[in-house]
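Chemist: When you get a sec, could you give me coordinates for this:
(chains A and B)
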Amino acid sequence: DQQVKQNSPSLSVQEGRISILNCDYTNSMFDYFLWYKKYPAEGPTFLISISSIKDKNEDGRFTVFLNKSAKHLSLHIVPSQPGDSAVYFCAASASGGSYIPTFGRGTSLIVHP
Amino acid sequence: DGGITQSPKYLFRKEGQNVTLSCEQNLNHDAMYWYRQDPGQGLRLIYYSQIVNDFQKGDIAEGYSVSREKKESFPLTVTSAQKNPTAFYLCASSMRVNYGYTFGSGTRLTVV
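Modeler: Down below sits the predicted model:
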């Protein structure tokens, strides 16, 4: 049973436009959420995180939105650049549990020049 | 330069052989983790360790073993009992659990 779901395996966007990557979770105990970016044959790198006490966190071109009532978060990339082409993983953890993040299956983003 | 090193990057083994994947970190992180990535599967936790000489099973520990004799090192052994060992293996570390992860660059294991 997947507790963190990324329902879109892939997303294709034109350079300069907005990329929106979505993530849904089922465990109401999750209170800390992270996004990681991964290039082929490399390890993931941390991108941005958000705590459940917030509904938005921004870092340059990257913004993460959290809707706790819908158990949904999204990562917005504006403007998208070809170098953003990668697999993006959503992860969630519970401070009242084991703390170990549970990862989604990832969304492959392709940004076309 | 602090980081986490996995070696080798590519590894080939014959079916039935045990193989050990290396993971070393010089970040002074307490916690270390092993994940497996398969196409379309995301990252699945194999084992993790929060302190030296202690480790816990993750979601898919069967067929794997680990040790944590030193803070810097967390090797993973893929045993012959692992039915589908061919995968991309990622090691990670964090200051403590529920802190941001630093990942290694991964080892692609192919069993033939």
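
Chemist: which stretches of chain A have low pLDDT?
Modeler: For chain A, residues meeting the criterion pLDDT under 70 lie at A:96-98.

Chemist: give me that answer again for 50
Modeler: Low-confidence regions of chain A, defined here as pLDDT under 50, do not occur.

Chemist: Check whether stretch A:82-91 comes into contact with chain B.
Modeler: Yes. Applying Cβ under 8 Å from any Cβ of the partner chain, one finds that stretch A:82-91 is in contact with chain B at residue A:89. C-beta coordinates here come from the backbone N, C-alpha and C atoms, glycine included.

Chemist: residues in contact with that stretch?
Modeler: Where contact means Cβ atoms under 8 Å, 6 or more residues apart in numbering or on different chains, the residues beyond stretch A:82-91 that reach it are A:4, A:6, A:15, A:19, A:21, A:23, A:33-39, A:44, A:47, A:73, A:75, A:77, A:101-104, A:106-113, B:42-43.

Chemist: Next one: the nearest residue to residue A:112 once chain neighbours are set aside from chain B, what distance?
Modeler: For residue A:112, the nearest residue in space outside its immediate sequence neighbours is residue A:14; the separation is 5.5 Å by Cβ to Cβ, 6 or more residues apart in numbering or on different chains. Residue A:14 sits 25 Å away from chain B, going by Cβ to the nearest Cβ, to the nearest Å.

Chemist: in chain B, which residue is closest to the centre?
Modeler: Closest residue to the average C-alpha location of chain B: residue B:34 at 3.1 Å, with Cα atoms, centre = their mean.

Chemist: what bridges to that one?
Modeler: Applying DSSP bridges to residue B:34 gives these bridge partners: residue B:47, residue B:91.

Chemist: from memory it sits against residue B:68, does it?
Modeler: No. Under the criterion of Cβ atoms under 8 Å, residue B:34 makes no contact with residue B:68, lying 10.9 Å away.

Chemist: who touches both of these two?
Modeler: Where contact means Cβ under 8 Å, 6+ apart, the residues bridging residue B:34 and residue B:68 through contact with each are residue B:74.

Chemist: Sketch out the strands for chain B, chain order is fine.
Modeler: Under the criterion DSSP state E, chain B carries strands at the ranges B:4-7, B:10-13, B:19-25, B:31-38, B:42-51, B:54-57, B:64-66, B:76-78, B:87-94, B:102-103, B:107-111.

Chemist: Since that was my last question, I'll sign off now.
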